[in-house]
Every structure is written in C-alpha cells, then in structure tokens.
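Undergrad: A predicted structure for the sequence below; I have some questions about it.
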Amino acid sequence: MKFRLLVPIAGFSSLCVAQTLVPKGFEAWKVPIETRVFAGSFSRNPDNRTIRLTGCQNEYLSGQLACRNNRDADLRYEKTPLRGPGNSIIPAQALRVRFGAYIPVDETGQYTADPLTESATCHLPANIAQPVWITLHVPRDATPGTYSGTIKLIAANESLNVPLEVEVLNAALPDPPDYSYYLNIWQDPNGVARAHKVKLWSEEHWRLLTLYAENLAQHGEKSIMTSIIHDPWNSQTGYEFPAMVEWKYPGEWEPGQESRFSWDFSIFDRYVSTMIHAGVRQKIDMYAMVKGPGGTPDASIRYLDTKAGIYRTEKLQVGDAKWAAAWKVFLPALRSHLEQKGWWRLAYLGFDEKPKRIMDQLFDFIAKEGSGFRLVMSGGHAQAGGDNEVVLYWDDLYNPEAWKNTYAPMVKTMMQNGQLVTWYTACEPRSPNTFIFSSLRDPRMFGWITAKYGLRGYTRWAVNAFPENIWNQPRYKWPSGDMFFLYPGENGPLDSMRWELLRQGIEDYEALRLAQNLASTQGRQDLLRSLNTAIARATMLDSCGEIPLVEASREVVNSVLRQLGGK
C-alpha cells in the first residue's frame with residue numbers, strides 16, 4: 001500500500017501563495033492534536049516545534065507536528081530516549097512516530113489526514129504540509145518528573161531537531177482494559193475479511209481479528225459484538241454480517257417442531273474467546289431478536305437444512321407464532337451455553353433503535369420467556385428497569401428540557417442501581433461527532449461529555465465496517481468515517497487520528513476521576529470547583545470567541561494531580 005499515492009495534489013507549488021508563506025527549505029512546526037493539518041497548512045511561527053506533554057504514568061500521550069519542504073523529498077525520522085530525574089530513562093521504544101495519510105472526503109471536498117501509517121519513511125511532495133503524529137506510552141513505573149529527548153526529522157540533505165519535553169505526574173492510570181470508562185464500539189468481522197481480502201473465518205482471518213481485538217483493548221473497548229442470527233442488520237453496510245451461531249434443522253422447519261432445532265456455537269465461542277484473551281472482557285452484546293435499526297418488524301431466521309444441505313430463510317415478524325416458538329427454545333439453550341462457558345453474567349440481548357410499538361412486544365415476551373437475560377437498547381424505546389443497559393442519544397442530553405425533566409432523573413436512578421448508562425452519536429449530529437471531517441476536538445471531548453452528564457461511557461457503531469474502497473471513497477451511505485475508526489493496513493489495523501483522540505478523551509476522564517477523588521478526600525472544594533469549570537469549558541460547542549482546546553481543561557486536571565497526587 002503506497003500511502004504517498006493518497007496525496008495526488010500535483011502542481012501545488014505553482015499556486016498563487018503569498019510569498020511570506022512559501023517555505024525556502026525544510027521546516028517543521030508543532031500543531032495541537034485537536035487541530036487537523038491540511039495540505040496547505042502553515043505556521044506563523046515555524047520555528048516553534050518543541051513538543052511538551054504532561055500526563056500520568058501508564059498514559060498514552062500524543063503530539064503532532066507538520067512539516068514541509070520546497071522540493072520533493074523522502075521524509076524519515078530518528079528518536080532518542082527520554083532522560084529524566086536522576087538516571088531515569090524512558091526508552092525510545094516507548095515513542096511511536098507515524099505519518100498521517102491524506103484521503104479524499106466528499107463532504108468538504110478536501111484531502112484530509114486521518115490514517116496513521118506504520119512506515120519508516122514518507123514521501124514529502126514539494127510544498128505539501130505533512131502531519132507527523134507522535135505517541136508516547138509513559139511506562140507504569142516511570143519516576144515522576146520532567147524528561148527530555150529529541151526527534152530528528154530528515155528530508156533530503158536537511159534535518160530538524162524536535163525537542164520533546166515530558167512531565168510525568170505522580171499518579172497512574174489503569175491499563176486500558178481496566179479503565180472505568182465504558183467504551184462500546186461495534187465490530188464487524190466480515191468487514192475485516194473483505195478489506196483484507198481473506199476468506200471469512202479462515203485462519204488468516206482469525207489472525208487479523210486477533211490484531212484488531214488487541215487494538216480495541218488498547219483503546220479501552222469493553223464490549224464484544226456478536227450475532228446470534230444471520231445478518232441482523234439486513235446488509236445495511238452493503239454486505240452481510242455473518243451469523244456467529246448457526247441454526248440447524250433436519251429438513252424444512254415445521255410448526256410445533258421447534259425442539260428439533262440445534263445450534264453450532266463454535267464461531268461465537270472463538271470470537272468471544274479471542275476478544276476476552278485480548279482484554280475486551282466486560283460485556284457480550286448479542287444481536288438480534290429483531291433486525292434493525294428502525295421500524296422494521298423483520299425477525300427472519302436463516303437455518304441450515306441438514307437433510308438437504310442448504311440454507312433456508314423463514315420470513316418472520318416480531319410476534320409471529322413461529323418466531324415466538326423458536327425463541328422459546330433458543331433462549332434457554334443460549335443461556336445454558338453461556339453458563340457452561342462462564343459468560344452468563346457478561347451477556348446482553350441487543351436492540352438497535354427500535355420504536356415503542358415493537359419494543360413493547362419484545363419486552364413483554366422477554367419478561368415471560370427470556371430466561372433472565374439482560375437487555376441493551378440503543379436509542380428508540382428504552383427500558384430503564386431491571387439490570388438493563390440504556391444508551392441515550394445525543395439529543396437526549398443536549399435538549400435542556402428533556403434532560404432535566406426526563407433523562408437526568410432516570411440516569412440518576414439507574415446509576416444508583418449500578419446499571420450501565422451510556423450515550424451515543426450516529427450519522428448525526430454534524431457536531432460533535434467522529435467523522436473524518438469532524439474537528440479532532442470532538443472525539444476528545446466525548447470523555448468530558450460523559451463526565452458532564454454523569455454517565456458511564458460512550459457507544460457507537462462501528463470500528464471496522466469498511467466501505468468497499470475505503471482509501472479512495474471513505475463514504476458509503478453515511479458521512480465519511482461513520483463506519484470505521486481503524487483502517488485496514490497491509491499487516492493489520494492502522495489507527496486513525498480520531499481513534500487516538502477518542503482514547504485521549506477517555507484518559508482525560510480517568511485522570512479527572514482521580515483528581516476529583518483526591519480533591520474530595522482532602523476537602524478541597526476550591527479544586528472541585530475548578531474541575532467543574534474545566535468540564536464546562538471542555539464541552540463548549542458554541543462561543544463568540546475561540547472555543548478552547550480540551551487540552552486547556554486537561555491542564556487544570558494535571559494541576560490538581562500535581563498538587564495532590566501521590567498523597
């Protein structure tokens with residue numbers, strides 16, 4: 001995969017550009033991670049390239065540079081260890097340097113940098129700004145204090161030193177799989193097979209799924225997305241979502257003979273085990289007793305006719321007699337299997353944006369025949385009772401009247417009962433969201449929005465539902481980037497800038513909780529007020545002046561940890 005081909009902007013140097021902005025050679029400058037670099041980006045202070053980072057032990061910290069040369073060149077880098085207090089060293093291996101690749105985005109008509117490529121060099125076309133992404137994983141045992149090192153950028157016969165200064169606070173974050181923040185980004189295993197051009201459920205596919213699972217775990221993913229029927233979303237991505245549980249029946253399904261069904265859980269078991277082994281282990285979401293999203297009552301079931309050796313599909317709707325009879329035998333069998341595997345307490349039956357007229361039937365059926373399953377409902381007609389999870393849509397939070405009178409009391413009760421309450425965005429709103437054309441401030445803000453409304457986390461589809469030609473057309477039916485956070489690289493998943501910012505916002509949430517607990521324990525009401533102000537600033541959506549970077553609010557958190565951490 002030649003990522004330089006993703007920047008076909010020939011002739012840029014011949015454009016009418018103010019002479020003061022035309023580089024006379026090789027230059028690089030720092031850029032906030034919440035700001036996108038575009039091909040024509042510039043700096044009024046191109047010598048300002050010192051990267052300063054502050055964070056906790058065991059935190060992933062990111063910085064960003066842009067660089068440009070006045071003639072074509074190949075860009076590469078060198079990095080040094082970071083030296084700190086006494087003889088403390090953070091090894092160079094803790095630093096990752098990646099180049100942002102440009103892909104075309106129809107909504108803005110711009111080539112936009114989003115994928116982070118894993119290559120040692122990058123082609124640098126003349127007068128094109130190239131983003132350089134720096135990620136530091138602070139070691140868990142790093143001695144608190146200030147560290148310094150250097151990243152050297154080299155293009156043609158010129159080089160530039162980028163000083164790197166890192167303050168390690170006397171406070172530690174948990175490993176990402178152990179974050180208190182609940183992140184549920186839906187997975188699509190067939191998307192991985194198609195994008196990497198491997199056979200579904202082949203050993204090469206499982207190798208790739210393991211790499212994706214490990215990436216998800218390292219970004220704080222908590223939930224395992226599974227299918228208990230074939231294609232529970234009716235191929236809305238342009239291809240099927242395969243069944244992980246195969247329904248089998250000896251012949252054609254006869255009414256009243258549902259006891260003759262059997263089920264093969266082998267794919268389901270391997271996928272769940274792969275995710276758990278990687279560190280995604282809090283929850284298993286199982287879709288679906290009715291296909292979604294939206295108002296369709298379609299609840300068709302595909303099964304293997306073991307006599308004829310062919311697949312048959314029984315066209316059903318919620319409430320049909322055959323539908324009810326099938327689920328009456330399947331749900332107890334599913335529970336028994338989950339109990340045998342030790343997964344029962346992780347399992348939820350999932351529903352996607354279904355209206356009240358359909359969900360009321362399902363709630364009634366599950367209350368009578370559901371074998372004690374817990375439910376997760378994204379939007380639509382939510383049910384707050386029992387031990388179910390509710391996922392609120394953004395509008396439920398952003399509408400002050402609806403939040404105050406309806407949702408805030410419900411959330412308070414559910415949280416007191418220990419239930420999961422999260423929020424989500426979909427193909428709207430325009431902002432805040434996680435599209436390729438979204439501000440990079442948006443995904444970082446999500447951890448702060450969760451804190452503002454007292455929720456547990458964030459839910460979204462999808463991390464790897466890749467469009468057919470993702471590198472040249474990242475848009476399918478929905479806005480560019482709506483279906484994925486990762487990219488299919490040559491050897492496995494590639495992170496996006498949006499994905500890194502989402503994790504940074506989650507780490508902000510974890511650090512904020514640490515700071516709030518320390519301030520509360522020590523009776524520092526002044527610091528608690530400062531943290532509340534920081535939350536309000538970090539979640540600003542509109543302002544007559546400049547909307548502050550979320551980093552400014554994180555600096556307030558860091559200040560509290562600096563004062564109270566380690567005590």
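TA: Received, thanks.
Undergrad: From the contact counts, what lies against the biggest helix by length in the chain?
TA: For the chain, the helix with the greatest residue count under DSSP state H is helix 497-521. Under the contact criterion of 3 or more Cβ pairs under 8 Å, 6 or more residues apart in numbering; DSSP states H and E, the helices and strands touching helix 497-521 comprise strand 51-57, strand 60-68, strand 110-117, strand 130-137, helix 441-452, helix 525-538, helix 550-564. For every residue, glycine as well, the C-beta is placed using N, CA and C.
Undergrad: just for the protein, where's the confidence low?
TA: 1-23, 380-386, 567 (pLDDT under 70).
Undergrad: all strands for the stretch 351-500 of the chain, in order.
TA: Using DSSP state E, counting those that start in this stretch, the strands of the stretch 351-500 of the chain run over 374-378, 389-393, 421-424, 457-460, 487-488, 493-494.
Undergrad: now do the stretch 51-200 of the chain
TA: According to DSSP E, counting those that start in this stretch, the stretch 51-200 of the chain carries its strands in the segments 51-57, 60-68, 73-79, 82-83, 89-90, 95-105, 110-117, 121-124, 130-137, 145-155, 158-172, 182-185.
Undergrad: Count the neighbours of Gly256 for me.
TA: When neighbours are defined as other Cβ atoms under 10 Å, Gly256 has 8 of them.
Undergrad: ah, wrong one, I meant Pro104
TA: As a burial measure, the neighbour count of Pro104 was computed by other Cβ under 10 Å and equals 18.
Undergrad: go on, Tyr458?
TA: For Tyr458, the tally of surrounding residues (other Cβ under 10 Å) stands at 26.
Undergrad: give the contact list for the residue nearest to it when sequence neighbours are not counted.
TA: Closest residue in space to Tyr458, ignoring its immediate chain neighbours: Phe446 at 5.2 Å, by Cβ to Cβ, 6 or more residues apart in numbering. Applying Cβ atoms under 8 Å, 6 or more residues apart in numbering, one finds that Phe446 lies in contact with 432, 434, 458, 502, 505-506.
Undergrad: again with His196
TA: For His196, the residues meeting the contact criterion (Cβ under 8 Å, 6+ apart) are 204-205, 208, 488.
Undergrad: and if we set it to 6 Å?
TA: For His196, the set of contacting residues under the criterion of Cβ atoms under 6 Å, 6 or more residues apart in numbering consists of 208, 488.
Undergrad: circling back to that earlier point, save the strands of the stretch 51-200 of the chain as CSV, and put in distance to Ser543 too.
TA: Listed next are the strands of the stretch 51-200 of the chain as CSV, based on distance: least, Cβ to Cβ, whole Å:
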stretch, distance to Ser543
strand 51-57, 25
strand 60-68, 23
strand 73-79, 36
strand 82-83, 36
strand 89-90, 37
strand 95-105, 25
strand 110-117, 24
strand 121-124, 36
strand 130-137, 26
strand 145-155, 33
strand 158-172, 29
strand 182-185, 28
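Undergrad: Deepest in the core, which of these is it.
TA: Stretch with highest mean neighbour count among the strands of the stretch 51-200 of the chain: strand 182-185 (a mean of 25; mean count of other Cβ atoms under 10 Å).
Undergrad: Arg554 contacts Asp508, correct?
TA: Yes - judged on Cβ atoms under 6 Å, Arg554 makes contact with Asp508 at a distance of 5.2 Å.
Undergrad: Tell me which of the helices and strands packed on helix 497-521 lies nearest to Leu160.
TA: Of all the helices and strands packed on helix 497-521, strand 60-68 sits nearest to Leu160, with 7.5 Å by Cβ to Cβ.
Undergrad: Does the residue of the chain most remote from its centre fall in a helix, a strand, or a coil region?
TA: With distances taken as Cα atoms, centre = their mean, the residue sitting farthest from the centre of the chain turns out to be Gly256, at 44.1 Å. State at Gly256, reduced to three classes by DSSP: H, G, I helix; E, B strand; the rest coil: coil.
Undergrad: residues near the residue nearest to Glu353 when sequence neighbours are not counted, how many?
TA: The spatially closest residue to Glu353, leaving aside those adjacent along the chain, is Pro293, at 3.6 Å (Cβ to Cβ, 6+ apart). A count of neighbours around Pro293, defined by other Cβ under 10 Å, yields 19.
Undergrad: Cross-check the contact I'm expecting between Pro293 and Lys354.
TA: No - the pair formed by Pro293 and Lys354 falls short of the contact definition of Cβ under 6 Å, at 7.1 Å.
Undergrad: re the thing from before, can you tell me the element the nearest residue to the residue farthest from the centre of the chain once chain neighbours are set aside falls in?
TA: Closest residue to Gly256 in three dimensions, ignoring its sequence neighbours and counting by Cβ to Cβ, 6+ apart: Ala325, at 7.3 Å. The secondary structure element spanning Ala325 is helix 321-341 (assigned by DSSP states H and E).
Undergrad: residues contacting Leu501?
TA: For Leu501, the contacting residues are 440, 443-444, taking Cβ under 6 Å, 6+ apart as the criterion.
Undergrad: try it again with 8 Å
TA: Taking Cβ under 8 Å, 6+ apart as the contact definition, Leu501 lies against 33-34, 62, 440-444.
Undergrad: Generate JSON lines for those residues, with distance to Ile103 as supplementary columns.
TA: As requested, the contacts of Leu501 are arranged in JSON lines below (distance: Cβ to Cβ, whole Å):
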{"residue": "Ile33", "distance to Ile103": "19"}
{"residue": "Glu34", "distance to Ile103": "20"}
{"residue": "Ser62", "distance to Ile103": "20"}
{"residue": "Leu440", "distance to Ile103": "15"}
{"residue": "Arg441", "distance to Ile103": "20"}
{"residue": "Asp442", "distance to Ile103": "18"}
{"residue": "Pro443", "distance to Ile103": "17"}
{"residue": "Arg444", "distance to Ile103": "21"}
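Undergrad: Quickly check those for the two that are furthest apart.
TA: Within these, Ser62 and Asp442 form the most distant pair, 15.4 Å apart (Cβ to Cβ).
Undergrad: Please report how far the nearest residue to Ser148 once chain neighbours are set aside lies from Trp247.
TA: Distances taken as Cβ to Cβ, 6+ apart place Glu165 nearest to Ser148, at 5.2 Å, with adjacent residues excluded. Counting by Cβ to Cβ, to the nearest Å, the separation of Glu165 from Trp247 is 59 Å.
Undergrad: Let me see the contact set for Trp344.
TA: Taking Cβ under 8 Å, 6+ apart as the test, what Trp344 contacts is 335, 338.
Undergrad: any idea how far Thr146 is from it?
TA: With the distance defined as Cβ to Cβ, Trp344 ends up 49 Å from Thr146.
Undergrad: can you give me how far stretch 442-460 is from the chain middle?
TA: Mean C-alpha position of stretch 442-460 versus that of the full chain (Cα atoms, centre = their mean, to the nearest Å) differs by 12 Å.
Undergrad: do stretch 77-87 as well
TA: 31 Å.
Undergrad: Let's verify Trp247: helix, strand, or coil?
TA: Secondary structure of Trp247, per three-state DSSP, is strand.
Undergrad: All the helices of the stretch 251-400 of the chain, in order from the start?
TA: Using DSSP state H, counting those that start in this stretch, the helices found in the stretch 251-400 of the chain span residues 266-278, 321-341, 356-369, 394-398, 400-402.
Undergrad: Val192 is nearest to which of the ones you listed?
TA: Closest to Val192 of those is helix 266-278 (Cβ to Cβ; 11.3 Å).
Undergrad: Output the contacting helices and strands for the closest one.
TA: Using 3+ Cβ pairs under 8 Å, 6+ apart as the contact criterion, the elements in contact with helix 266-278 are helix 203-218, strand 223-227.
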